[in-house]
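Asker: please find the sequence and the predicted model below.
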Amino acid sequence: MARVTVYTTDYCPYCVQAKRLLHEMAIEYEEIDVGADPALRTEMVQKAGGRRTVPQIFIDGASIGGYVELRALADQGGLAHLT
């Protein structure tokens, strides 16, 4: 099974939507809250190629972007292999 990691903050509506989508699709994920930890945010930015917004979502270490990209991938059937 693929490893899904979602970098979030607790005040981000797109983070809530991304987690809801993954939950509805029964896809397990690791959540990393970067809201109060500058070191984790720096790690996220480095892994995401400089992108600073949340959520930043990774599948098996590969960046797929944020919620909009996750939704598009789901709509195209690209997450089916993760369930």
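Answerer: It's in.
Asker: secondary structure element holding Q17?
Answerer: Using DSSP states H and E, Q17 sits within helix 13-24.
Asker: any idea how far that helix is from the chain center?
Answerer: Using CA atoms, centre = their mean, to the nearest Å, the distance from the centre of helix 13-24 to the centre of the chain it belongs to is 9 Å.
Asker: buried residues, that helix. List them.
Answerer: By 16 or more other CB atoms under 10 Å, the buried positions in helix 13-24 come out as Y14, C15, Q17, A18, K19, L21, L22. Glycine gets a C-beta too; all of them are placed from N, C-alpha and C.
Asker: any idea which helix or strand comes after that helix?
Answerer: Next along from helix 13-24, by DSSP H and E: strand 30-33.
Asker: just the residues contacting the helix holding Q17, thanks.
Answerer: 4, 6, 8-9, 28-29, 31, 54-55, 57, 66-68, 70-71, 74 (CB atoms under 8 Å, 6 or more residues apart in numbering).
Asker: what does the residue nearest to the spatial centre of the chain show for phi and psi?
Answerer: Nearest to the mean C-alpha position of the chain, counting by CA atoms, centre = their mean, stands I57 at 2.4 Å. Backbone geometry at I57, expressed as degrees, to the nearest 10, gives phi -120, psi 130.
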